[in-house]
Every structure is written in C-alpha cells, then in structure tokens.
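A.B. asks: take a look and give me a structure for this.
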Amino acid sequence: MPSALWIAHVEVTDAEAYGKYAKLAGPAIAAHGGVFLSRGGRFVQLEGTARPRNVVARFPSLEAGVACYNSPEYQAALAHATGASIRDLMILEEA
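C.D. replies: Here you go, the predicted model:
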C-alpha cells in the first residue's frame, strides 16, 4: 500500500488560537503514523495563491491520513484552527 502526503497551505489569522491547534494536532497526527516532512519552511510559489505556512506530513497510507483527519483527537485540534486560519488541506497518495 503506498504512503500518502498530507499537504496543507495555511494563512494564520489568530496566532493564539492556532497555537492551541498546533499543540493538539501534532500528537494526533503522530498517533496515526504521520511524520512531518516540512512545517513552514522556505518556499517559492510558482503558480496559484500563496499562503505563508505550508505543511507536509507523510502517512503510511491514504486511509491512515483520512482516519487521522476524522479522528476525535484531530477534530478537537481542528476546532481551534477553524476561524483562526484560512486553510487548504489535501491528502495525496504517493506513486
């Protein structure tokens, strides 16, 4: 089964609330086998709309990434990000 990448493009609009999200999201992601590859590093936007923060995590499978997103632990974290950020999030199966 191929691994999958969780790719988020984020603009934080409320740093305090988003900080609460980050404290809870990391452990939830790790509990589902997620490993961060990049969090907020330098980037070059070649097309589309740039967001200041970009995050990539690898999961053992697409299903593991989706299960993480839907888990009670991640949803509790996400409650802090909602209204505190503008986000695009996708999970992409690796070739």
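A.B. asks: where does the prediction get shaky in the protein?
C.D. replies: Scanning the chain for pLDDT under 70 picks out nothing.
A.B. asks: return the backbone torsion pair for residue 57.
C.D. replies: With angles defined as degrees, to the nearest 10, residue 57 sits at phi -130, psi 150.
A.B. asks: run a quick neighbour tally on it.
C.D. replies: Neighbours of residue 57 under the rule other C-beta atoms under 10 Å: 24. For glycine as for every other residue, the C-beta is placed from the backbone atoms N, C-alpha and C.
A.B. asks: that one and residue 32 touch, don't they?
C.D. replies: No: with contact defined as C-beta atoms under 8 Å, residue 57 does not reach residue 32; the gap is 9.6 Å.
A.B. asks: tell me, what's touching those two both at once?
C.D. replies: Taking C-beta atoms under 8 Å, 6 or more residues apart in numbering as the contact rule, residue 57 and residue 32 both touch residue 65.
A.B. asks: how close does residue 92 get to residue 1?
C.D. replies: If you measure residue 92 against residue 1 using C-beta to C-beta, to the nearest Å, the figure is 14 Å.
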